[in-house]
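A.B. asks: pasting the sequence and the predicted model now:
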Amino acid sequence: MRPWGELDDPRRRILIQALAAGFFSSAGNAAAQLFGRAPAKLPAGQSIYRVSGGVTVNAQQATLQTRIIPGDTVETAPNGEVIFAVAEEAFLLRGGSRMVIEKPPSGLTTALRLITGKVLSVFGRGRPTRIVTATSTIGIRGTGAYAETDPEQTYFCTCYGVADIAANSDPSSRETVSAKHHDKPLYILAKGKAGEAIRRAPFINHTDQELALIESLVGRTPPFVFPVDTYNAPRRDYP
Amino acid sequence: MRRGETIRSVALGLALSAGAPASAHAAGYSEFLDSVQFRGFRAEASYTTDSNVTRAPAGDALSDRILGVRVSAGGVIPLSTRTRVAVQGFAGIQKFGTYTGLSNNFIGTQGDFFFRSSGEFTAATYGAFVRTAKEEYESTLRDGYRHAFGVTVQKPLTDRVQLFGALTRNISDGKSTVFDARSTSMRGNADWSLSRWDTVYLGADYRTGDSVSTVSRNDPIRTLGFADAASAIIPDDAFNDTTRDAYRLKAHTLIATLGYNRAFGERHALDVSLRRAQSSVQNADLKYTANQISVAYLGRF
């Protein structure tokens, strides 16, 4: 028999060395990356729920430990995606996007500027918020919303809640949308006839499951119960 | 569920189905039509190779290629915040390359009732369904109706993995009694999303009850074994290469499915799947396996 402290079974030795090296912790993280996890309210001090591909916060590579606060700029490479929360608000920023969480002006609790790209957002109920995109300025309250913007146009879906939408280039193009479930997606054009810079749009590029996911990060559930499956890719039925 | 919602759902259902006074009925009908949310059309075109279309042991297993087209249209009727009914109609064709007697057309309808307790991400959705379809084959004996009813549960486990389970009672009513079959199926499926557009899925389906195998008379001992185990026998008119008999047998069948769905946006997807079925006849040493490889285009319009 070996003296106390010496391991005679090489498998035990390897196991203890692996534990000491934090192997199982990193294996757990890898499993979470691979198979995901059940989303829940983020613990205090944690901003990022999931990060993949190239993502920076204030030009620094983002990790799960990165804090995001008002004033920060979040940017994703074309292959990147980040899901995060700031206070009562939660976001899914898709690849090829650049967004600034602005320090809100007086009277607002949140303001954000989507310079380019695509973002799904949910905001605390009763919290007046302003979103500025390349072609529009949107005032919202207690809303889930999806926006895509480029210099030519902004796509904006009021997933639920109320949004006051105005075209940046044409003050006479304004519209208030009160939606229960993606009722009226819109395009806001950079160039358009006076009063006609806002047009109806189809439903694109976001799902109810994604809304439910980011709402859960801030401890809420979306107002709808059944996610609509036609927003997802078609699947095969096996009778 | 809030009590008011329950009462409203029940009242609407009763008013529509139980013959309320005409004016109330008309108002209810109008309300009913307004509440239907049309979910559009779906189309599926598939190419499948099947190693054993006779569902017979080695030696009698015949392989074939199958082209399939299926279209469906459906809608959803919310009954309350937490309950809804989904209805769909579907129709399609299957064309077999060699054994054309198996080629068929079908048309049917399905109704589902769903309950979900909340919009929480991981909340389960419970369902009950009824489906019925009429099938017409190029041969005659299989013509008839196929009915199914059962219960389902669907639950997101994580943000990448979703589980589905179903318990189904299948009843087929063919022109020949051999094709009057009843079976029970217990099915589980796991979807694993690699990305928003890529999903790998794994399924297992255990079926017990009547199963039909078609076997030639070349091996008298095996023929005797089938005849002993079968509850009904008839010469199968779907095959004309030699005389083959269709046997209705009590069998346990396990079907495993491994698939990959690649979406091209929200309206189009390509689906590749491998399925393997292993079946063993109760109270007899008779077994078969069948392998299917299938490629399908799925579209929503």
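C.D. replies: Thanks, I have it. Residues are numbered from 1 along each chain as shown, chains lettered A, B, ... in the order given.
A.B. asks: what about the strands in the chain?
C.D. replies: Reading this off chain A. A:48-52, A:55-57, A:60-61, A:73-76, A:81-86, A:89-93, A:98-102, A:110-122, A:128-132, A:136-149, A:153-167, A:174-179, A:186-189, A:198-200 (DSSP state E).
A.B. asks: the intended chain is chain B.
C.D. replies: B:37-50, B:64-78, B:83-96, B:104-116, B:125-137, B:144-156, B:161-174, B:181-195, B:198-216, B:232-235, B:244-263, B:268-281, B:287-300.
A.B. asks: got a markdown table for the ones you listed, with mean neighbour count and mean pLDDT too?
C.D. replies: C-beta coordinates here come from the backbone N, C-alpha and C atoms, glycine included. Putting these into a markdown table (neighbours: other Cβ atoms under 10 Å in any protein chain shown; pLDDT from 0 to 100) gives the following:
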| stretch | mean neighbour count | mean pLDDT |
| --- | --- | --- |
| strand B:37-50 | 16 | 93 |
| strand B:64-78 | 17 | 95 |
| strand B:83-96 | 18 | 97 |
| strand B:104-116 | 17 | 97 |
| strand B:125-137 | 17 | 98 |
| strand B:144-156 | 17 | 97 |
| strand B:161-174 | 17 | 97 |
| strand B:181-195 | 16 | 95 |
| strand B:198-216 | 19 | 96 |
| strand B:232-235 | 17 | 96 |
| strand B:244-263 | 19 | 96 |
| strand B:268-281 | 18 | 96 |
| strand B:287-300 | 17 | 96 |
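A.B. asks: show me what contacts residue 175?
C.D. replies: As the question left the chain open, I've gone with chain A. Contact partners of A:E175, counting by Cβ atoms under 8 Å, 6 or more residues apart in numbering or on different chains, are A:164-165, A:186, A:198.
A.B. asks: other chain: chain B
C.D. replies: B:140-144.
A.B. asks: list the contacts for the nearest residue to B:F239 once chain neighbours are set aside?
C.D. replies: With Cβ to Cβ, 6 or more residues apart in numbering or on different chains as the criterion, B:F239 has its nearest non-adjacent residue at 5.9 Å, and that residue is B:Y99. Contact analysis of B:Y99 by Cβ under 8 Å, 6+ apart lists B:53, B:62, B:64, B:238-239.
A.B. asks: for B:D143, same thing?
C.D. replies: Contacts of B:D143 (Cβ under 8 Å, 6+ apart): B:135-137, B:174-175.
A.B. asks: I'd like the distance between it and B:I93.
C.D. replies: B:D143 is 14 Å from B:I93, where distance means Cβ to Cβ, to the nearest Å.
A.B. asks: please see if stretch A:198-207 touches chain B.
C.D. replies: Yes. Judged by Cβ under 8 Å from any Cβ of the partner chain, stretch A:198-207 comes into contact with chain B at A:204-205.
A.B. asks: other residues contacting that stretch?
C.D. replies: A:94, A:118, A:120, A:146, A:148, A:155, A:157, A:159, A:165, A:167, A:173-175, A:182, A:184-189, A:192, A:227, A:231-232, B:266.
A.B. asks: and with 7 Å instead?
C.D. replies: Applying Cβ atoms under 7 Å, 6 or more residues apart in numbering or on different chains, the contact partners of stretch A:198-207 are A:118, A:120, A:146, A:148, A:155, A:157, A:165, A:167, A:173, A:175, A:182, A:185-189, A:227, A:231-232.
A.B. asks: look up the closest residue to the one residue in the stretch 101-250 of chain B that gets nearest to chain A, ignoring the ones flanking it.
C.D. replies: Closest residue of the stretch 101-250 of chain B to chain A, Cβ to the nearest Cβ: B:R160 (3.0 Å). Once flanking residues are discounted, B:R160 sits nearest to A:G36: 3.0 Å by Cβ to Cβ, 6+ apart.
A.B. asks: mind listing what that neighbour touches?
C.D. replies: A:G36 neighbours (Cβ under 7 Å, 6+ apart): B:158-161.
A.B. asks: with B:H147 instead?
C.D. replies: B:131-132, B:171.
A.B. asks: pLDDT at the residue lying closest to A:R37 once chain neighbours are set aside, what is it?
C.D. replies: Nearest non-adjacent residue to A:R37, counting by Cβ to Cβ, 6+ apart: B:T158, 5.0 Å away. Note on B:T158: pLDDT of 95.
A.B. asks: so B:T158 is in contact with A:F35, correct?
C.D. replies: Yes. The pair B:T158 / A:F35 is scored as a contact, 5.9 Å apart, by Cβ atoms under 7 Å.
A.B. asks: quick one, what contacts the residue nearest the centre of chain A?
C.D. replies: Central residue of chain A (Cα atoms, centre = their mean): A:L92, 1.4 Å from the mean position. By Cβ under 7 Å, 6+ apart, A:L92 lies in contact with A:83, A:119-120, A:210, A:214.
A.B. asks: one more time with 8 Å
C.D. replies: A:81-83, A:119-121, A:210, A:213-214.
A.B. asks: and if you look at B:I77?
C.D. replies: B:32, B:35-37, B:84-87.
A.B. asks: dump those residues to CSV, plus distance to B:A256.
C.D. replies: As requested, these are exported to CSV (distance: Cβ to Cβ, whole Å):
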residue, distance to B:A256
B:F32, 42
B:S35, 40
B:V36, 38
B:Q37, 35
B:R84, 32
B:V85, 32
B:A86, 28
B:V87, 31
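A.B. asks: around chain B, pick out the residues from chain A.
C.D. replies: Counting by Cβ under 8 Å from any Cβ, chain A sits next to chain B at A:34-39, A:50, A:204-205, A:209, A:212-213, A:215-216, A:221-227, A:230-236, A:238-239.
A.B. asks: buried ones among those residues?
C.D. replies: A:36-37, A:39, A:50, A:205, A:209, A:212-213, A:215-216, A:222-227, A:230-236 (16 or more other Cβ atoms under 10 Å in any protein chain shown).
A.B. asks: in helices, which of these fall?
C.D. replies: Among these, the members falling in helices (DSSP state H) are A:209, A:212-213, A:215-216.
A.B. asks: sorry, back to before: TSV please, covering the contacts of A:E175 and showing neighbour count and pLDDT.
C.D. replies: As requested, those are arranged in TSV below (neighbours: other Cβ under 10 Å; pLDDT from 0 to 100):
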residue	neighbour count	pLDDT
A:D164	15	94
A:I165	23	95
A:L186	22	96
A:I198	23	94
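A.B. asks: ok, B:A58 to B:T289 distance?
C.D. replies: For B:A58, the distance to B:T289 - Cβ to Cβ - is 8 Å.
A.B. asks: A:P151 now?
C.D. replies: With Cβ to Cβ as the criterion, A:P151 and B:T289 are 59 Å apart.
A.B. asks: what's the answer for B:L163, then?
C.D. replies: B:L163 is 27 Å from B:T289, by Cβ to Cβ.
A.B. asks: cool, A:T133 as well?
C.D. replies: Distance from A:T133 to B:T289, by Cβ to Cβ: 57 Å.
A.B. asks: as TSV, the strands of chain A with distance to B:S279 would be great.
C.D. replies: TSV is the format used below for those (distance: least, Cβ to Cβ, whole Å):
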stretch	distance to B:S279
strand A:48-52	43
strand A:55-57	50
strand A:60-61	54
strand A:73-76	50
strand A:81-86	44
strand A:89-93	45
strand A:98-102	56
strand A:110-122	46
strand A:128-132	58
strand A:136-149	48
strand A:153-167	47
strand A:174-179	51
strand A:186-189	55
strand A:198-200	54
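A.B. asks: quick one: contacts for residue 185?
C.D. replies: Because you didn't say which chain, this covers chain A. A:155-158, A:200-204.
A.B. asks: should've been chain B
C.D. replies: B:150, B:166-170, B:205-207 are the contacts of B:S185 under Cβ under 8 Å, 6+ apart.
A.B. asks: near chain A too, which of those?
C.D. replies: Counting by Cβ under 8 Å from any Cβ, the members of the contacts of B:S185 near chain A are B:D205.
A.B. asks: going by distance to B:S294, which of the contacts of B:S185 wins?
C.D. replies: B:D205 (14.9 Å; Cβ to Cβ).
A.B. asks: I figured that closest one hits B:R275, correct?
C.D. replies: No. Counting by Cβ atoms under 8 Å, B:R275 is not a contact partner of B:D205; they are 9.1 Å apart.
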